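Trainee: Show me the folded form of this:
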Amino acid sequence: MNAENPQLNSDTLLTLVVAELLLSPESGTTWIKDFAIDLGFELPQDQAETIDSEANRTLDQLAIPFVESLPEPYQTKYRWILEQRADQLHPLGEGHGEDLAL
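Mentor: Predicted coordinates:
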């Protein structure tokens, strides 16, 4: 255990690392377009943006169980990130984005 933060152990640290990777991917439309070209597919920018958005949405969904398993001080930060991203996907609110609700 960490003397400065008794709730941080190797399991919690692993979960934090996974949550960070899922919520902060190092990809984007350029990477997606390059990946498509490597596979022999020319991808227009609007489709690359759609795929990027859907990939981030999928990563958010994968992050939810990791966020839920964190101790409260860490969980609060990552829940906020997920809620902000859900709001960006569904700026209308009122039932939109409920599929991302924690």
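
Trainee: count of neighbours near Leu62?
Mentor: Per other Cβ atoms under 10 Å, the neighbour tally for Leu62 reads 14. C-betas here are computed from N, CA, C, even on glycine.

Trainee: Any stretches of the chain with poor pLDDT?
Mentor: When residues are selected by pLDDT under 70, those of the chain lie in 1-7, 89-102.

Trainee: now the helices: where do they sit in it?
Mentor: 10-23, 29-38, 45-68, 72-89 (DSSP state H).

Trainee: For Glu49, see how far away the spatially most central residue of the chain is.
Mentor: Of all residues in the chain, the one closest to the mean position by Cα atoms, centre = their mean is Leu23, 2.8 Å from it. Remark: distance between Leu23 and Glu49 (Cβ to Cβ, to the nearest Å) = 19 Å.

Trainee: Repeat that for Lys77.
Mentor: 27 Å.
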